[in-house]
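[1] Dropping the sequence and predicted coords here.
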Amino acid sequence: MTLCIVTYSVDGHTRALAQAIADGGRGQVFDVTALTEADWSTLDHASAIVMGAPTYMGGLPATFVQFIETAASRWDTGQWRDKLAGGFSTAMHPSGDKLNALMSLFIFASQMGMIWIGNTETGAPVVPENEGINTDGSWVGVTASAPKSGTKILSDGDLETARRYGMRMRAAIARWEK
């Protein structure tokens, strides 16, 4: 039961979200700029791969697209077929066109034959006790917005949403591998 989180982060926001997912799901975080052959082998044998990058100008940054292009070499052999998949993204603004970045990840996972797991956390005001949870209202994957002030790299609610998503991925792996 292996949960791998692959990410690219410039200022630490996306890395913090990746780490929260890893903490919730007892997963391992991989930086796409430093993948070794051993890391690629771990990804090839993983139960689930969750992918995340910041949203730049409504899309994925070129550095993360390079990871996708390299990983696509596994398409014809079906190495990633039937792995669970998920995604996350960060941006400066609450919309920040993060949905487009998530859709790019979803389409890649679908083309690879992976099974996508979305976000199910509902925040306030629908669930009043979940103040700060899923404040962007994203169901395709986890999203977070960079705080405009203060010393925190992400809000506690965004990090908790990511942690719960990690727990969801861990539970999905357990069900999928029965």
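    It's in. Numbers count the residues shown, from 1 in each chain.
[2] quick one: the helices in the protein?
    13-25, 37-45, 62-71, 98-111, 156-176 (DSSP state H).
[3] deepest of those, which one?
    Ranked by mean neighbour count, the helices of the chain are led by helix 13-25 with a mean of 23 (mean count of other Cβ atoms under 10 Å). (C-beta placed from N, C-alpha, C; glycine too.)
[4] same question for it, mean pLDDT?
    Averaged over helix 13-25, pLDDT sits at 97.
[5] hang on, the earlier thing: let me have the helices of the chain in TSV, extended by distance to residue 125.
    Converted to TSV, the helices of the chain look like this (distance: least, Cβ to Cβ, whole Å):
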stretch	distance to residue 125
helix 13-25	23
helix 37-45	39
helix 62-71	34
helix 98-111	21
helix 156-176	13
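[6] what's the closest of these to residue 140?
    Of all the helices of the chain, helix 98-111 sits nearest to residue 140, with 4.5 Å by Cβ to Cβ.
[7] tell me what the closest one is packed against?
    Judged by 3 or more Cβ pairs under 8 Å, 6 or more residues apart in numbering; DSSP states H and E, the packing partners of helix 98-111 are strand 48-54, strand 84-91, strand 115-116, strand 142-145.
[8] out of the ones you listed, nearest to residue 66?
    With Cβ to Cβ as the yardstick, what comes closest out of the helices and strands packed on helix 98-111 is strand 48-54 (10.8 Å).
[9] Tell me the gap between that closest one and the middle of its chain.
    Distance, stretch centre to chain centre, for strand 48-54: 3 Å (Cα atoms, centre = their mean, to the nearest Å).
[10] just the angle between it and helix 37-45, please?
    120 degrees (axes from the mean of the first three to the mean of the last three Cα atoms, to 10 degrees).
[11] Please save the CA atoms from strand 48-54 in CSV.
    C-alpha atoms of strand 48-54 as CSV (Å, rounded to 0.1, in the frame of the first residue of the first chain):
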residue,chain,number,x,y,z
ALA,A,48,-1.7,5.6,-5.8
ILE,A,49,0.0,8.7,-7.3
VAL,A,50,-1.3,12.1,-6.3
MET,A,51,0.1,14.9,-8.5
GLY,A,52,0.3,18.6,-7.7
ALA,A,53,1.8,21.8,-9.0
PRO,A,54,1.1,25.5,-8.7
